[in-house]
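J.: how would this look folded up:
(chains A and B)
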Amino acid sequence: MAAEKITSRSQDYSQWYLDIIHRAGLAENSDVRGCMVIKPNGYAIWEKMQRALDRLFKDTGHVNAYFPLFIPKNFFQKEEQMAEGFAKECAVVTHYRLRSRQGKIEVDPEAKLEEELIVRPTSETIIWNTFKNWIQSYRDLPLLLNQWANVVRWEMRTRLFLRTAEFLWQEGHTAHATQQEAEDETRQMVEVYRRFAEEWMAMPVLVGPKSEGQKFPGAVYTLCIEALMQDGRALQAGTSHFLGQNFAKAFDVTFQNDKGQREFAWATSWGVSTRLIGGLIMTHSDDQGLIVPPRLAPIHVAIVPIGKTDEERDQTVQAAERLAQALRDLPRESFFDYEPLIVRVDKDFQHMPGFRFAEWELKGVPVRVELGPKDLAQNACVLARRDMGKEGKQLGVPLTEAPARIVTMLKEIQSSLFAKARAFRDRSIHQANSYDEFKKKIEDGGFVMAHWDGTRETEDRIQEETKATIRCIPFDRVKEAGQCMVTGRSSEGRVAFARAY
RNA sequence: CGGGGUGUAGCGUAGUCUGGCCUAACGCGCCUGGUUUGGGACCAGGAGGUCGCCGGUUCGAAUCCGGCCGCCCCGACCA
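T.: Take a look at the predicted model:
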């Protein structure tokens, strides 16, 4: 059978991306324009991400809450930058009832809302409107909240996971008594995102502020983690905003300090979304299918028993079940978020072994165990690493040693995926010392570090002429005096440009 | 919303220009039976379609004409 092949990355990267999502059963486009259905295999990855992030949030003192999906229109008018920033992509609810006319359902014109409701594109307004009632004293601060939610941004063009009209995310919203504390929080949370990206997703990121032109509407400044995909395009993977007192002033959120004076509260917000799944795919996967780093893998190990006869099958299945149980019974450790290893025994004997191997590779399961009569005869099995080809198979691994070997292997895969992605990212960072050189290098993809005069005008011009944007002004950049590649004006260091998703 | 394309079985397509052996074909997938099984097996049989929708032309429409709708790509916008 000629199995449906995945388009190779070199042939058509964007088709490859869609093929992976389809064949690994992660998501599909729904009949609702711009909205995706996240299928079980995709949602399982999101659940793993949620669990890990939620722990990191709780460990830094945050608690979860939930705010309404709908936001009264007038809330948006209170914070100008935000209203302007999101105006063009809001879904608006205008009526609250349908009626049936000659067998056809229509919106009941009698049921028009007095004030339209906006489906949240982000929740700063509704949350700060609520904070007004929660904050009176400096003793009420800080308020460290997070919510897991869906939001809607009416995008014109969508791509599965990377940009959909509705997406799932978490949004942290905090209120503080001092500017310093809020800025520390902003910085702390971008660091949490960096850790998650690098230690769980095995996805290296640049960390630092966005330029004025790229910051969040309503923010004083925006910190971000910025990743690089295999095709050389950048992906904004998470943002943490210092909102100053903008929202406190818009919603009149004040408190009395310990000297009895009234002050406006200081705000932050920060979020990551299901877009991370797109980033995960485009960081690690190959032409054979999805590759998921072990710490986020919904299934860690797939065991494939092999046999021709019923007797052989019975025996290899039994051995597979025993190994699966041994793996599940291993002591839980922090590396796997104190959860048991998830192991599947593949009893699909309808298909040939090669087909079954390929299917597990397609789904990105990090470790596959092959267990046939020949292995069983010597009480052994074969271990295969998803991130390595057929050459990486380990033959004749004694069944008694297998669980320990597999745990070691999972840890190796995690660090090896990160090392590989970081090596790729590092060799994709180039420098440009003139605008001409920049234009050439930006064509090749990757980050191009260049001097920029710090103005919005120059940034806009570069974007217009090259489609590249400033992705990040990395915290760890070298301070060096230079001249803007476009205007020749002075610059205190290079910033990271790239074409982005 | 501008420019370009496209709509035929669950998916991917052929057929449309030049109307008629199209009573709609092919591949994948699906169902049944059998042979297979250490890197994507094979054989046989079978199920599945208002050819996007509405109207028109014609003896006859997937095919021609008109209108509508959906989707895709390119642009403006973007976690």
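J.: which residues of the stretch 101-250 of chain A lie near RNA strand B?
T.: A:153, A:155-158, A:162-165, A:167, A:169, A:214, A:216, A:236, A:238-239 (CB under 7 Å from any atom of the strand). Any C-beta I mention is one placed from the backbone N, CA and C, and that applies to glycine too.
J.: go ahead and confirm residue A:326 touches residue A:405.
T.: No: at 11.6 Å, residue A:326 does not count as touching residue A:405 under the criterion of CB atoms under 8 Å.
J.: need the contact list for residue A:157.
T.: residue A:163 (CB atoms under 8 Å, 6 or more residues apart in numbering).
J.: would it count as being in a strand?
T.: No: using DSSP: H, G, I helix; E, B strand; the rest coil, the secondary structure at residue A:157 is coil, not a strand.
J.: re the thing from before, among the residues of the stretch 101-250 of chain A next to RNA strand B, which are located in strands?
T.: Judged by DSSP state E, these include A:167, A:169, A:236, A:238-239 as members of strands.
J.: for PyMOL, what selects the buried ones among these?
T.: Those of those that count as buried under 16 or more other CB atoms under 10 Å are selected in PyMOL with:
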select buried, chain A and resi 167+169+236+238+239
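J.: need the ones in strands among the residues of the stretch 101-250 of chain A next to RNA strand B in CSV with pLDDT, can you?
T.: Shown next, in CSV, are these (pLDDT from 0 to 100):
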residue, pLDDT
A:167, 91
A:169, 96
A:236, 94
A:238, 96
A:239, 96
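J.: tell me the buried residues in the host helix or strand of residue A:74?
T.: In this assignment (DSSP states H and E), residue A:74 forms part of helix A:73-77. Within helix A:73-77, the residues scored as buried using 16+ other CB under 10 Å are A:75-76.
J.: that one: what's the following helix or strand?
T.: Following helix A:73-77 in sequence, per DSSP H and E, is helix A:80-86.
J.: packing partners of that next one?
T.: Under the contact criterion of 3 or more CB pairs under 8 Å, 6 or more residues apart in numbering; DSSP states H and E, helix A:80-86 touches helix A:73-77.
J.: which parts of the stretch 301-450 of chain A are strands?
T.: Here the stretch 301-450 of chain A has its strands, by DSSP state E, counting those that start in this stretch, at A:301-305, A:343-345, A:367-371, A:380-385, A:394-398, A:429-431, A:447-451.
J.: now find how far off-centre the helix holding residue A:74 is within its chain.
T.: Mean-position distance between helix A:73-77 and its chain equals 29 Å (CA atoms, centre = their mean, to the nearest Å).
J.: output it as PDB, nothing but the C-alphas.
T.: Presented in PDB, the C-alpha positions along helix A:73-77 are these (Å, rounded to 0.1, in the frame of the first residue of the first chain):
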ATOM      1  CA  LYS A  73     -18.500  47.900  24.600                       C
ATOM      2  CA  ASN A  74     -18.000  50.900  26.900                       C
ATOM      3  CA  PHE A  75     -15.200  49.100  28.800                       C
ATOM      4  CA  PHE A  76     -13.200  49.300  25.600                       C
ATOM      5  CA  GLN A  77     -13.600  53.000  25.300                       C
END
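J.: is it true that residue A:446 touches residue A:231?
T.: No: Residue A:446 lies out of contact with residue A:231 (CB under 8 Å); the separation is 9.8 Å.
J.: more neighbours: which of these two?
T.: residue A:446 (23 against 16; other CB atoms under 10 Å).
J.: and the more buried one, what does it touch?
T.: When contacts are taken as CB under 8 Å, 6+ apart, residue A:446 is in contact with A:228, A:232, A:428-430, A:498.
J.: same question for residue A:339.
T.: If you count contacts by CB under 8 Å, 6+ apart, residue A:339 has them with A:51, A:332.
J.: roughly how far apart are it and residue A:71?
T.: Separation of residue A:339 from residue A:71 (CB to CB, to the nearest Å): 36 Å.
J.: on that earlier part again, determine which two of the contacts of residue A:446 are furthest apart.
T.: Taking CB to CB, the two most distant members of the contacts of residue A:446 are A:228 and A:430; they sit 11.7 Å apart.
J.: more neighbours, those two?
T.: Using other CB under 10 Å, the more surrounded residue of residue A:228 and residue A:430 is residue A:228, with 30 against 18.
J.: for the more buried one, phi and psi?
T.: phi -120, psi 130 (degrees, to the nearest 10).
J.: who touches it in this structure?
T.: Neighbouring residues of residue A:228 by CB under 8 Å, 6+ apart: A:204, A:234-235, A:424-425, A:428, A:446-447, A:498.
J.: what's the helix or strand bottoming out on mean pLDDT in chain A in contact with?
T.: Ranking every helix and strand in chain A by mean pLDDT, DSSP states H and E puts strand A:104-107 at the bottom, with a mean of 74. With contact meaning CB under 8 Å, 6+ apart, strand A:104-107 is reached by A:95, A:97-100.
J.: can you list the domain ranges for chain A.
T.: A:13-284, A:298-424, A:429-498 (automatic domain parsing).
J.: turn those into JSON lines, including distance to residue A:6.
T.: Output for these, formatted as JSON lines (distance: least, CB to CB, whole Å):
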{"stretch": "domain A:13-284", "distance to residue A:6": "4"}
{"stretch": "domain A:298-424", "distance to residue A:6": "8"}
{"stretch": "domain A:429-498", "distance to residue A:6": "21"}
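J.: thinking again about what came up before, just put the strands of the stretch 301-450 of chain A in a markdown table and tack on distance to residue A:268 and mean pLDDT.
T.: Shown next, in a markdown table, are the strands of the stretch 301-450 of chain A (distance: least, CB to CB, whole Å; pLDDT from 0 to 100):
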| stretch | distance to residue A:268 | mean pLDDT |
| --- | --- | --- |
| strand A:301-305 | 40 | 98 |
| strand A:343-345 | 41 | 97 |
| strand A:367-371 | 40 | 98 |
| strand A:380-385 | 41 | 98 |
| strand A:394-398 | 48 | 97 |
| strand A:429-431 | 29 | 95 |
| strand A:447-451 | 26 | 96 |
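J.: how about these in a markdown table, adding distance to residue A:130?
T.: Listed next are those as a markdown table, based on distance: least, CB to CB, whole Å:
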| stretch | distance to residue A:130 |
| --- | --- |
| strand A:301-305 | 45 |
| strand A:343-345 | 44 |
| strand A:367-371 | 46 |
| strand A:380-385 | 49 |
| strand A:394-398 | 56 |
| strand A:429-431 | 43 |
| strand A:447-451 | 40 |
